[in-house]
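Colleague: here is the input, now give the coordinates:
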Amino acid sequence: MTMDDVEKKHLTELTSDLISIPSYAPDDDAIYEFAREYLLKEGVETFTSSLDNPLDQNKRLFNVYSRTGSGKGPRIMINCHLDTVPPSDGWFHPPFDAIEDQGRIFGLGAADMKGGCAAAIRAYLSISRQIPDLKGELFLSLVYGEESPNPLGTDTLIKEFDLNGYDLIIVAEPSPLLSINDHCIVHKKVHRTSFPVCIVGAEGRALFEIEFFGKAAHASHPSQGINALHDAARVITELTRFDLYSNIKMGRGHYVVLNIDGGDQSFTVPSRCRIFVNRQLTLGEDDRTVLKELNNIIRSLKIRSRYSIRKRYSPSPDLEYRPYVNDRGPYIDIFKEMMPERKVGKSNKKRCLFTTSSVGDFNLFGTRTRAPVLVFGPGGGNIHAPNEYVNVDDMVRTTEYLVEFLMKAYGKG
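Modeller: Numbers count the residues shown, from 1 in each chain. Presented below is the predicted three-dimensional model:
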């Protein structure tokens, strides 16, 4: 499928409309109402999440769904999240103005992931019209909460529907950005990547709180105390140089210190300090293995402060981000064969499949369902940062790839 100028215009206008609606927590339900009404105006039936998630304190947001097909054949879901992170300072274009400039659309959430949402919606509409008697099922799910502390939109979706029988779940996240400096499991190495990119696995994450207990003393006599901040700094330094390389199958995840809290402005040796540490998880790792590793690292430094380590749990074990890889399956193979071959180093040309060190709703699909999960979407830049943008050409090609794949999957290509 090659999009004509009219379809391209629909795609960019939809992207701009989505960007113009603020959708970061705790915004209202405007973008979800817009998505529902947009699909209805385009002639497809919609419905919204009906499950009351007990973990959702907001109660104002909802998922938007649309399904087409007889159900007797391939079952494929396209998933997107409509929410964004909050805007930050430093924008040279207003974050909700959706300015198009030199082949890019700038705006909050442009790449992560309103450009991907627009491509997914337009691809879904295209298939609905081209295959009115679709044998199988195509399910479009537009969810909330992916950028919030807990992914309650996708949690609700998974609890609401049995997705185990699905042949493929496609998440239209910006895969070229999520695969930067990550592992290609075909070439078995990290290498440069560019659109189009298929991601078939992701690291997980675990959050730990480490508290240090020293001994207060007058700061003019520091030897009489035990400085908890100094000991925490030694641990932080060790964690920053502890195996920076992550490899989903063969390495270990890296550490990132997210927060430090301790001491005050008085002339006193700090007796307490607390740090929060994120640890990426690769296959075979879990909370227990990381806890053992952290203890070994800290003991090796022989710090004077006492310390304690606590795992910071999500409200539910279902909401933990765990690692997964699923690079096999007939529909992943179909998508992979559509990708260009790449020559890396002295190897023969191969079609890449990547993993990502990022985490997201795809982790929940990859670990809580038996369906293969493919992350595929347009590239851009500056996600979670000022001046975020999505590449217009990548959005067009994402839509074309999705339509071409779905036509092949449902026996029409």
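Colleague: so where do the helices sit in the stretch 51-200 of the chain?
Modeller: Using DSSP state H, counting those that start in this stretch, the helices of the stretch 51-200 of the chain run over 115-130, 152-160, 175-178.
Colleague: which residue is nearest the middle of the chain?
Modeller: Gly360 (3.1 Å; CA atoms, centre = their mean).
Colleague: residue contacts, it?
Modeller: 81, 146, 151, 171, 173, 202, 321 (CB atoms under 8 Å, 6 or more residues apart in numbering). Glycine gets a C-beta too; all of them are placed from N, C-alpha and C.
Colleague: quick one, longest helix in this structure?
Modeller: Counting by DSSP state H, the longest helix found in the chain is helix 392-409.
Colleague: and that one, what does it pack against?
Modeller: helix 5-20, strand 75-81, helix 115-130, helix 330-338 (3 or more CB pairs under 8 Å, 6 or more residues apart in numbering; DSSP states H and E).
Colleague: repeat that for 7 Å
Modeller: Under the contact criterion of 3 or more CB pairs under 7 Å, 6 or more residues apart in numbering; DSSP states H and E, helix 392-409 touches helix 5-20, helix 115-130, helix 330-338.
Colleague: can you find the helix or strand in the protein with the smallest mean pLDDT?
Modeller: In the chain, no helix or strand scores lower on mean pLDDT, DSSP states H and E than strand 189-190, which sits at a mean of 87.
Colleague: Met77: which of the helices and strands packed on helix 392-409 is closest?
Modeller: helix 115-130 (10.3 Å; CB to CB).
Colleague: which of the contacts of Gly360 has the most neighbours?
Modeller: Ala202 (31 neighbours; other CB atoms under 10 Å).
Colleague: contacting residues for it?
Modeller: Residues in contact with Ala202 (CB atoms under 7 Å, 6 or more residues apart in numbering) are 323-324, 355-356, 358-359, 362-363, 366.
Colleague: PyMOL command to pick out the buried ones of these?
Modeller: Buried residues within these, by 16 or more other CB atoms under 10 Å, are selected in PyMOL with:
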select buried, resi 323+324+355+356+358+359+362+363+366
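Colleague: which of the contacts of Ala202 lies closest to Glu45?
Modeller: Phe362 (26.4 Å).
Colleague: could you check the pLDDT of the closest one?
Modeller: At Phe362, the model reports a pLDDT of 98.
Colleague: likewise for Phe106?
Modeller: pLDDT at Phe106 comes out at 98.
Colleague: isn't it right up against Tyr389?
Modeller: Yes: with contact defined as CB atoms under 7 Å, Phe106 counts as touching Tyr389 (4.6 Å).
Colleague: and the closest residue to Ser49 other than its chain neighbours, how many neighbours?
Modeller: Spatially, and ignoring its direct neighbours in sequence, Ser49 is nearest to Asn63 (4.0 Å; CB to CB, 6 or more residues apart in numbering). Neighbours of Asn63 under the rule other CB under 10 Å: 26.
Colleague: pretty sure Asn63 is touching Glu146, no?
Modeller: No: the criterion here is CB under 7 Å, and Asn63 misses it with Glu146 at 11.1 Å.
Colleague: mind checking how far the longest helix of the chain is from the chain centre?
Modeller: 20 Å (CA atoms, centre = their mean, to the nearest Å).
Colleague: which pLDDT value belongs to Ala371?
Modeller: The model's pLDDT for Ala371 equals 97.
Colleague: now do the one 4 residues further on
Modeller: The model reports Val375 with a pLDDT of 98.
Colleague: partner residues bridging it?
Modeller: Val375 has these beta-bridge partners by DSSP bridges: Val171, Ile199.
Colleague: give me the contacts around the least confident helix or strand of the chain.
Modeller: Strand 189-190 is contacted from outside by 181-183, using CB under 7 Å, 6+ apart.
Colleague: neighbour-wise, which of those leads?
Modeller: His183 (27 neighbours).
Colleague: surely that residue meets Ser357?
Modeller: No: with contact defined as CB under 7 Å, His183 does not count as touching Ser357 (8.5 Å).
Colleague: any low-confidence regions in the stretch 251-400 of the chain?
Modeller: Residue ranges of the stretch 251-400 of the chain with pLDDT under 70: 251.
Colleague: the same query, at a cut-off of 80, please.
Modeller: 251-252, 347 (pLDDT under 80).
Colleague: coming back round to it: pull up the overlap in contacts between Asn63 and Glu146.
Modeller: By CB under 7 Å, 6+ apart, the residues touching both Asn63 and Glu146 are Gly153.
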